[in-house]
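Colleague: Starting from these lines, generate the structure:
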Amino acid sequence: MSAGKSAGARILHLHSTFAAGGKERRAVRLMNAFGPAISHSIVSGIPGETGAASELSAALKVDWPAGFPPLTGLPTPRRLQRLAQAMRGYDLVLTYNWGAMDAVLSHTLFADVFSLPPLVHHEDGFNADEQAGLKARRNWYRRIALGRARALVVPSKTLEQIALSVWAQPAGRVKYVPNGIDTAAFAKAPRADALPGIIKHPGELWVGTLAGMRPVKNLTALVRAFAPLPPQWQLVVVGEGPEKDAIRAEAERLGIEDRVHLPGFARDPARYIGLFDIFALSSRSEQFPISLVEAMAAGKAIAAPAVGDIPVMVAEENRALISKAGDEKALSGALSTLAADRDLRARLGRANRARARACYDEKPMIEAYRRLYASAMGRETLT
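Modeller: Residues are numbered from 1 along each chain as shown. A predicted model of the protein is given here:
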């Protein structure tokens with residue numbers, strides 16, 4: 001297809017998982033923004049983890065390729081060849097995180113053999129097994145695998161430096177595109193019953209978070225940090241995952257199970273994140289958490305550890321409440337400080353909302369991705 005003609009473009013998305021996490025929800029927002037002229041094929045590296053699909057527009061043309069080769073396994077020549085063959089026939093391949101790195105390598109090895117479409121890789125952070133430090137073997141693997149990628153997209157300055165130095169990627173390949181959201185949507189006042197199975201009653205105050213219930217999110221630490229707060233405070237953890245039972249058990253051990261609520265996954269955070277009085281994170285590893293930007297756009301004060309870009313994401317006034325990574329006592333102290341001072345919460349919330357609107361609106365992000373993907377395909381535009 002000649003440059004400038006983008007109608008009918010077919011994009012293959014290879015995700016480490018398509019659960020409703022930050023990178024998946026960003027991918028969904030981009031697909032929705034690009035509109036029905038583009039068709040999408042989505043593969044989840046963990047079969048069945050497709051929760052983000054609930055936010056896809058019904059107007060889109062989306063399919064889930066049956067029988068697509070597994071994204072993980074031993075990188076044998078035969079398996080890598082099968083992955084490469086499965087990429088044929090598309091106009092662009094988009095890969096996401098370490099869980100799709102074998103597909104990136106297969107593309108580098110067999111792009112010419114099978115006349116494969118261009119590939120753009122996205123890195124948003126690390127699994128729990130790299131939260132304490134990057135693995136040397138994976139660093140070398142990434143260096144080799146990314147050799148033919150048209151671009152490596154990262155949403156954080158921390159990841160940008162890792163890509164340039166540790167992964168030895170050329171500056172022209174690394175593209176820094178900060179995550180963005182529809183900041184205006186988060187200004188609306190939420191209904192008290194906006195979350196399923198729970199109602200915010202008069203007099204209650206909520207510490208809230210949005211997180212996949214995985215070990216890297218360290219949510220049992222958040223339960224412990226929250227425990228000393230006065231009884232009118234409730235902890236609301238929105239999300240799903242394998243750590244749910246551990247979170248419940250820790251709340252029971254501390255005798256606060258009546259104040260810890262796990263309503264499950266809930267789509268469209270703009271409908272309910274405004275119910276929180278404090279937004280909190282406890283992650284061992286983050287890069288540029290979208291949920292944090294959503295809370296900022298909703299005008300919330302933040303208590304979180306200093307991981308990834310979090311210390312520079314929040315408004316300057318809020319940075320004193322960003323605690324040392326891994327320090328539960330400091331996180332608990334930040335929560336207690338905010339819980340005791342309504343005026344402070346309001347002041348920090350206003351500052352965070354202003355910063356979110358100025359720096360993290362989704363319009364520049366969408367346009368940056370639109371230009372990047374079009375350029376990778378040798379086209380003038382995606383619309």
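Colleague: which one is Ala227 nearest to, not counting chain neighbours?
Modeller: Spatially, and ignoring its direct neighbours in sequence, Ala227 is nearest to Leu254 (4.8 Å; CB to CB, 6 or more residues apart in numbering). All C-beta spots, glycine's among them, are computed from the backbone N, C-alpha and C.
Colleague: What's the local residue count around the one you found?
Modeller: Using other CB atoms under 10 Å, Leu254 has 16 other residues around it.
Colleague: ok, it - contacts?
Modeller: 223-224, 227 (CB atoms under 8 Å, 6 or more residues apart in numbering).
Colleague: Make sure Pro263 is actually in contact with Ala194.
Modeller: No: at 10.1 Å, Pro263 does not count as touching Ala194 under the criterion of CB atoms under 8 Å.
Colleague: quick one, which of these two is more surrounded?
Modeller: Shown here are Pro263 and Ala194; by other CB under 10 Å, Ala194 has more neighbours (19 against 15).
Colleague: got the contact list for the more buried one?
Modeller: 271-272, 275.
Colleague: what about 6 Å?
Modeller: Going by CB atoms under 6 Å, 6 or more residues apart in numbering, Ala194 touches 271-272.
Colleague: can you check Glu250 too?
Modeller: Residues in contact with Glu250 (CB under 6 Å, 6+ apart) are 220, 223.
Colleague: same deal with Ala221?
Modeller: 282, 328 are the contacts of Ala221 under CB under 6 Å, 6+ apart.
Colleague: One more pass at 8 Å, please.
Modeller: Shown in contact with Ala221 (CB under 8 Å, 6+ apart): 282, 328, 331.
Colleague: Surely Val314 and Arg353 touch.
Modeller: No: counting by CB under 8 Å, Val314 stays clear of Arg353, with 11.2 Å between them.
Colleague: what are the ranges of the strands in the stretch 251-383 of the chain?
Modeller: With DSSP state E, counting those that start in this stretch as the criterion, the stretch 251-383 of the chain has strands at 260-264, 278-280, 301-305, 322-323.
Colleague: For the ones you listed, give me JSON lines that also has mean pLDDT and distance to Pro178.
Modeller: Converted to JSON lines, these look like this (pLDDT from 0 to 100; distance: least, CB to CB, whole Å):
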{"stretch": "strand 260-264", "mean pLDDT": "95", "distance to Pro178": "29"}
{"stretch": "strand 278-280", "mean pLDDT": "98", "distance to Pro178": "19"}
{"stretch": "strand 301-305", "mean pLDDT": "98", "distance to Pro178": "17"}
{"stretch": "strand 322-323", "mean pLDDT": "98", "distance to Pro178": "18"}
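Colleague: Those strands into JSON lines, with extra columns for distance to Ala171?
Modeller: As requested, those are arranged in JSON lines below (distance: least, CB to CB, whole Å):
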{"stretch": "strand 260-264", "distance to Ala171": "43"}
{"stretch": "strand 278-280", "distance to Ala171": "35"}
{"stretch": "strand 301-305", "distance to Ala171": "30"}
{"stretch": "strand 322-323", "distance to Ala171": "29"}
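Colleague: Pull out the buried residues from the lengthiest helix in the chain.
Modeller: Assignment by DSSP state H gives helix 342-359 as the longest helix of the chain. For helix 342-359, burial by neighbour count (16 or more other CB atoms under 10 Å) applies to 344-345, 348-349, 351-353, 355-356.
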